[in-house]
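Undergrad: make a model of this:
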Amino acid sequence: MTVTGQEITDYVDRVRAALADLPPTVRDELTEDLPEHLAEVAAEGEGALVDRLGTPEAYAAELRAAAGAEAGRRPARFHRLAEARAQAATQVRLLDRQLGPLLGHGTVSDFLRPLRPAWWLLRAWLAALLISVMVDGARPGLLPRPNDNASAGLLLLIGAVVASLWLGRRSAGFTGWPRRLHRLGTAVLLVFGFAVLVDVDRNAGSDVYSGYEQTSVDRRYDRIEDVFVYDQQGRLIRDAQLFDQNGVPIRLGWPNCLDSSGAVPAPRNAYPYCPELAPFGAPAPPSIAPPAPAPTDSTTPTATPTPSASAQPTSTP
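TA: Presented below is the predicted three-dimensional model:
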């Protein structure tokens, strides 16, 4: 059976009659959103309002208990807070009617009501991501992975979808504290979803998600801060660049030192980032070797004496 507008009006009148002992301002404050709430409940499914929410008198008793309003007394709230809430609700309803025609509907609520199942699925995904972040404290990804376990993340996502669908079909009938907790949980998930979008947008154009730090299976490179390259003589090589077999630069680490001004230097494209922090100290200057001695040869021939002129024979007379 479809709930009619007259049934909603009669239900509101009976609730207000059950709260007739309260001051008019208090009664108006407690029931100002009641027609809209009943319309949402009516749109969720079939059945009379009395069958789904209880009698108007019982509903009025829940409102009275949730607000802390006793007969003849004002509720235990700050008066200024109540006025601010009433003004905010009025502005929201005004914007709801003004922006509705832009979306092709009488109100924005009429446009959003058919999209609730999509929100239930999105809420399940955000809840699974939030639980995963709370478990291991890691940066959220596209899918929940508590403790880097894909299977546990899949089970968590399935459970969140089932719970969100169940909650979505019954949340319209919540009143009092359950309704407030439901709204608070929705606000927390929306803030978390906005934070995830900001984080993804901030890192979309950087290389934080690229490189071997993100593709290592055993996360061996997570704690690398700098890379130092030495030659065969143990001398530190400066401005070195590392590439893999495909010519892709290997980017590891982040500068963990201070420059002369006391600031952290900007990351460079060459290693090391901080030469002064080399693990084996500053490279030693090359030693000057003594001049090599002149080669000697024991077989060097010695000078032979010049033969003297032989005696000339004398002629015998």
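Undergrad: where's Ala138 relative to Val198, distance?
TA: 17 Å (C-beta to C-beta, to the nearest Å). (Each C-beta comes from the backbone N, C-alpha and C, glycine too.)
Undergrad: quick one: the helices in the protein, in order.
TA: Here the chain has its helices, by DSSP state H, at 5-18, 24-31, 34-44, 49-53, 56-67, 79-99, 108-112, 116-136, 150-170, 176-204, 212-215.
Undergrad: just send those helices back as JSON lines, with distance to Ala263 too.
TA: Compiled in JSON lines, the helices of the chain are given as follows (distance: least, C-beta to C-beta, whole Å):
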{"stretch": "helix 5-18", "distance to Ala263": "65"}
{"stretch": "helix 24-31", "distance to Ala263": "56"}
{"stretch": "helix 34-44", "distance to Ala263": "56"}
{"stretch": "helix 49-53", "distance to Ala263": "63"}
{"stretch": "helix 56-67", "distance to Ala263": "55"}
{"stretch": "helix 79-99", "distance to Ala263": "46"}
{"stretch": "helix 108-112", "distance to Ala263": "49"}
{"stretch": "helix 116-136", "distance to Ala263": "31"}
{"stretch": "helix 150-170", "distance to Ala263": "40"}
{"stretch": "helix 176-204", "distance to Ala263": "21"}
{"stretch": "helix 212-215", "distance to Ala263": "24"}
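Undergrad: now render the ones you listed as CSV, adding mean pLDDT, mean neighbour count and distance to Pro265.
TA: Shown next, in CSV, are the helices of the chain (pLDDT from 0 to 100; neighbours: other C-beta atoms under 10 Å; distance: least, C-beta to C-beta, whole Å):
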stretch, mean pLDDT, mean neighbour count, distance to Pro265
helix 5-18, 83, 16, 67
helix 24-31, 80, 17, 60
helix 34-44, 79, 18, 58
helix 49-53, 75, 16, 65
helix 56-67, 80, 18, 58
helix 79-99, 71, 12, 49
helix 108-112, 84, 16, 50
helix 116-136, 89, 18, 32
helix 150-170, 90, 15, 38
helix 176-204, 84, 13, 21
helix 212-215, 44, 14, 20
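Undergrad: so which of these comes closest to Arg268?
TA: Set against Arg268 and scored by C-beta to C-beta, these come closest in helix 212-215, at 16.7 Å.
Undergrad: leaving out chain neighbours, which residue sits closest to Ala43?
TA: Excluding the flanking residues, the one nearest Ala43 by C-beta to C-beta, 6 or more residues apart in numbering is Arg113, at 6.0 Å.
Undergrad: pLDDT at that neighbour, what is it?
TA: At Arg113, the model reports a pLDDT of 83.
Undergrad: what is the burial count for it?
TA: Neighbours of Arg113 under the rule other C-beta atoms under 10 Å: 14.
Undergrad: once you drop chain neighbours, what's closest to the residue nearest the centre of the chain?
TA: The centroid of the chain falls nearest to Val196 when counting by C-alpha atoms, centre = their mean (3.7 Å). Distances taken as C-beta to C-beta, 6+ apart place Pro140 nearest to Val196, at 5.5 Å, with adjacent residues excluded.
Undergrad: close enough to count as contact, the residue nearest to the centre of the chain and Leu129?
TA: Yes: here Val196 reaches Leu129: they are 6.8 Å apart, a contact under C-beta atoms under 8 Å.
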